[in-house]
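Enquirer: Predicted model and sequence below, questions to follow.
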Amino acid sequence: MFRKPMADLYPTEEAPGLRVRGGTQYTRSQGDYRCGDCGAEDHANGDDNVKRLVDDYTAHHGPAHTKDGGR
């Protein structure tokens, strides 16, 4: 019942990006990212922490590297 996501769903160096998994009544939400440009990575558990992780990824990594030529 408390299975981990398949390994190929986690962001890797070869497949960078953002992964968010919503929580259930028994589990907390989880999030991971890996930036394809600078290689930064992070992990978070819990709704508030995952929201901050998504905000950080959006503002400083991933899509932020393509805005106006960089960081």
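Expert: It's in.
Enquirer: which residue ranges form the strands in the chain?
Expert: Using DSSP state E, the strands of the chain run over residues 17-21, 30-34, 41-45.
Enquirer: tell me the most buried of the ones you listed?
Expert: strand 30-34 (a mean of 22; mean count of other C-beta atoms under 10 Å). The C-beta positions use only the backbone N, C-alpha and C, and glycine is treated the same way.
Enquirer: Mind giving me the packing neighbours of that one?
Expert: If you count contacts as 3 or more C-beta pairs under 8 Å, 6 or more residues apart in numbering; DSSP states H and E, strand 30-34 packs onto strand 17-21, strand 41-45, helix 47-60.
Enquirer: Let me have the ones you listed in JSON lines, extended by distance to Thr27 and mean pLDDT.
Expert: Shown next, in JSON lines, are these (distance: least, C-beta to C-beta, whole Å; pLDDT from 0 to 100):
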{"stretch": "strand 17-21", "distance to Thr27": "8", "mean pLDDT": "92"}
{"stretch": "strand 41-45", "distance to Thr27": "9", "mean pLDDT": "95"}
{"stretch": "helix 47-60", "distance to Thr27": "11", "mean pLDDT": "95"}
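Enquirer: Now distance to Leu9 too, for these, in JSON lines please.
Expert: Below are the helices and strands packed on strand 30-34 laid out as JSON lines (distance: least, C-beta to C-beta, whole Å):
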{"stretch": "strand 17-21", "distance to Leu9": "6"}
{"stretch": "strand 41-45", "distance to Leu9": "13"}
{"stretch": "helix 47-60", "distance to Leu9": "15"}
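Enquirer: Is it possible to get JSON lines of the strands of the chain that adds distance to Arg52?
Expert: Output for those, formatted as JSON lines (distance: least, C-beta to C-beta, whole Å):
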{"stretch": "strand 17-21", "distance to Arg52": "12"}
{"stretch": "strand 30-34", "distance to Arg52": "9"}
{"stretch": "strand 41-45", "distance to Arg52": "7"}
